[in-house]
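*Asks:* when you get a sec, could you give me coordinates for this:
(one chain, ligands or ions: 1)
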Amino acid sequence: MLTQAQIDQYHADGFLPGMPILGAEETARYRAECLRCCGPVVTDGVHRQPSNRVKPFLLFPWAAELVRHERILDAVEALIGTDILVFHTTVWLKEAGAGNFVPWHQDATYFGLQPHEHVTAWIALTPSNLENGCVQVLPGSHRAGQRAHRDERDQRAMLSRGQTLAESLDEAAAVDLLLAPGDVTFHHTLMVHRSAPNRSRETRVGIGISYIPARVRHVTETRLSATLVRGEDRYGHFDPEPSPREEGGSDEIAAHADSLVRFHRASESIPEMARAH
Ligand SMILES: O=C(O)CCC(=O)C(=O)O
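*Replies:* You can find the predicted model right below:
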């Protein structure tokens, strides 16, 4: 799936620019499902709550299918190896004119994973461009390791505590990840990135899937859950998660709630989070 040159590029730059991975039809289907289940407006009988946007693959069969997409996993395997878990997933839905933005940050700050081998596959379900607030990355920034963050409380910040890099950056070096629907980019957990508000007239939808090799563990006392999507888990660092059989089922809702409660409990004691002021 990836050439050796692309793999080298990922390790050198900390990200891979968008590549067309999903076909037009499947992209349209995932976009419709994502808006139906995780969108801002209640229009039908879907069990809808804000947390649907976090780990939707435990609630919705279409999302469970997406995190197991063979072509995405082929690329992920080239970057982190054959035994792959989904640790987390976020639907990044930016409504037109809402002013929501993502501050400069590193994902590693709030995940508490060691070693730092987690990779995010960011899937564009709509166009993602400068007008609607695409992701922007600082190439090579992952090589300087974990940086200090502070909490910047702002209702419009799309990170739970408004985690923002404490130091100033050379923003002129930022690269805009310009994507067509169905494109996927990959970024390293220490990559410094952000995204600006959506100033277009359309909603921007992306899904960020956090993949880790099974050897990676979580650093806090709380035992977390994760989903094996390829290969074998010979480490058992995480409790296995069930795949949803039906949308809105009580087992599915319970498994999702359990996973999120553990994740939020663990977040409080991640060393990088405790140091953020
Ligand atoms: O979608 C966005 O605007 C931000 C995405 C992001 O921060 C991430 O995937 O880690």
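
*Asks:* which parts of the stretch 1-150 of the chain sit against the ligand?
*Replies:* Applying CB under 6 Å from any ligand atom, we find that the stretch 1-150 of the chain lies next to the ligand at Trp92, Val102, Asp107, Thr120, Trp122, Val135. (C-beta placed from N, C-alpha, C; glycine too.)

*Asks:* shouldn't the second one be in contact with Ala157?
*Replies:* Right, the one you point to is Val102. Yes: in this structure Val102 lies within contact range of Ala157 using CB atoms under 8 Å: 7.2 Å.

*Asks:* comparing these two, which residue is more hemmed in?
*Replies:* Set side by side, Val102 and Ala157 show more neighbours around Val102, with 22 against 18, by other CB atoms under 10 Å.

*Asks:* show me where the stretch 1-150 of the chain has its strands.
*Replies:* 15-20, 84-94, 102-105, 113-114, 119-124, 135-137, 149-151 (DSSP state E, counting those that start in this stretch).

*Asks:* tell me what angle the fifth one forms with strand 15-20.
*Replies:* For the pair strand 119-124 and strand 15-20, the angle between their directions (axes from the mean of the first three to the mean of the last three CA atoms, to 10 degrees) equals 40 degrees.

*Asks:* list the neighbouring strands of strand 119-124 plus their orientation.
*Replies:* strand 183-188 (antiparallel), strand 204-213 (antiparallel) (DSSP bridges).

*Asks:* next one: that strand to chain centre, how far?
*Replies:* Remark: strand 119-124 is offset 6 Å from the chain centroid, using CA atoms, centre = their mean, to the nearest Å.

*Asks:* same for the longest helix seen in the chain, what does it pack against?
*Replies:* What stands out as the longest helix in the chain, according to DSSP state H, is helix 250-268. Taking 3 or more CB pairs under 8 Å, 6 or more residues apart in numbering; DSSP states H and E as contact, the helices and strands that helix 250-268 lies on are strand 225-230.

*Asks:* what's next to whichever helix or strand comes after the strand it packs on, contact-wise?
*Replies:* Later in the chain than strand 225-230, the nearest helix or strand by DSSP states H and E is strand 239-240. With contact meaning CB atoms under 8 Å, 6 or more residues apart in numbering, strand 239-240 is reached by Arg223, Leu224, Ser225, Ala226, Thr227, Leu228, Asp233.

*Asks:* pull the distance from strand 239-240 to the chain's centre.
*Replies:* The answer for strand 239-240 is 19 Å, by CA atoms, centre = their mean.

*Asks:* ok, now stretch 53-73?
*Replies:* 12 Å.

*Asks:* ditto for stretch 213-223
*Replies:* Mean-position distance between stretch 213-223 and its chain equals 17 Å (CA atoms, centre = their mean).

*Asks:* residues in contact with that stretch: which ones?
*Replies:* Outside stretch 213-223, the residues touching it (CB under 8 Å, 6+ apart) are 80-81, 83-85, 87, 112-115, 117-118, 224, 228, 231-235, 237-239, 262, 265-266, 269-271.

*Asks:* now the contacts of strand 239-240 as JSON lines including neighbour count and distance to the ligand?
*Replies:* As requested, the contacts of strand 239-240 are exported to JSON lines (neighbours: other CB atoms under 10 Å; distance: CB to the nearest ligand atom, whole Å):
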{"residue": "Arg223", "neighbour count": "11", "distance to the ligand": "24"}
{"residue": "Leu224", "neighbour count": "21", "distance to the ligand": "18"}
{"residue": "Ser225", "neighbour count": "19", "distance to the ligand": "20"}
{"residue": "Ala226", "neighbour count": "24", "distance to the ligand": "17"}
{"residue": "Thr227", "neighbour count": "21", "distance to the ligand": "18"}
{"residue": "Leu228", "neighbour count": "15", "distance to the ligand": "22"}
{"residue": "Asp233", "neighbour count": "16", "distance to the ligand": "24"}
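
*Asks:* nothing else from me, thank you.
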